[in-house]
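Asker: Model the structure of this input:
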Amino acid sequence: MGNLGMPEILVIVIAILVLFGGRKIPEFMRGLGKGIREFNDAKTSVKKELEEGMRETDVKSTTPPSNANLSEYNQFLEWKKQQEAVGSK
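Answerer: Residues are numbered from 1 along each chain as shown. I've put the predicted structure just below:
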């Protein structure tokens, strides 16, 4: 498939005019624009949900359990330091 030149685009426009008629084209374009807008909104929504989920996972992994005693918390901090040291190498 090559590049579309002016003659090819002109043939496509004429075919669309013949198939849909002059009155249906604005309605068709509105529907196309609405569909593209809805797709972009859905894409943005999914992206936000994924980012929020990643943030929640990060917060859960760095927050010690609420019922942990001091020694468990210190063990957690040591483990976290080790994980960061391994990750930075």
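
Asker: contacts, neighbours, all on C-alpha from now
Answerer: OK.

Asker: Where does the prediction get shaky in this structure?
Answerer: Along the chain, segments meeting pLDDT under 70 span 1-2, 59-68, 87-89.

Asker: Apply 80 and report the result again.
Answerer: The chain contains residues with pLDDT under 80 at 1-2, 22, 56-74, 86-89.

Asker: Show me the helices in it, by range?
Answerer: Per DSSP state H, the chain has helices spanning 6-20, 24-62, 70-88. These are given in chain order.

Asker: Put together a markdown table for those helices, with mean neighbour count on each row.
Answerer: Formatted as a markdown table, the helices of the chain follow (neighbours: other Cα atoms under 10 Å):
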| stretch | mean neighbour count |
| --- | --- |
| helix 6-20 | 11 |
| helix 24-62 | 12 |
| helix 70-88 | 12 |
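
Asker: Could you check how far the residue nearest the centre of the chain is from Glu38?
Answerer: Nearest to the mean C-alpha position of the chain, by Cα atoms, centre = their mean, lies Lys47 at 3.2 Å. Applying Cα to Cα, to the nearest Å, the value for Lys47 to Glu38 is 14 Å.

Asker: do you know how far the residue nearest to the centre of the chain is from Met54?
Answerer: 11 Å.

Asker: Also Asn3?
Answerer: Asn3 is 42 Å from Met54, by Cα to Cα.

Asker: before we move on, what about Ser45?
Answerer: 14 Å.

Asker: repeat for Ile25
Answerer: In terms of Cα to Cα, Ile25 sits 43 Å off from Met54.

Asker: what's the answer for Val13, then?
Answerer: For Val13, the distance to Met54 - Cα to Cα - is 46 Å.

Asker: got it, and Pro7?
Answerer: Distance from Pro7 to Met54, by Cα to Cα: 50 Å.

Asker: same deal with Val18?
Answerer: Relative to Met54, and taking Cα to Cα, Val18 is found at 51 Å.

Asker: ok, now Val86?
Answerer: 21 Å.

Asker: now do Gln75
Answerer: 24 Å.

Asker: got it, and Gly22?
Answerer: For Gly22, the distance to Met54 (Cα to Cα) stands at 49 Å.

Asker: With Gly33 instead?
Answerer: 32 Å.
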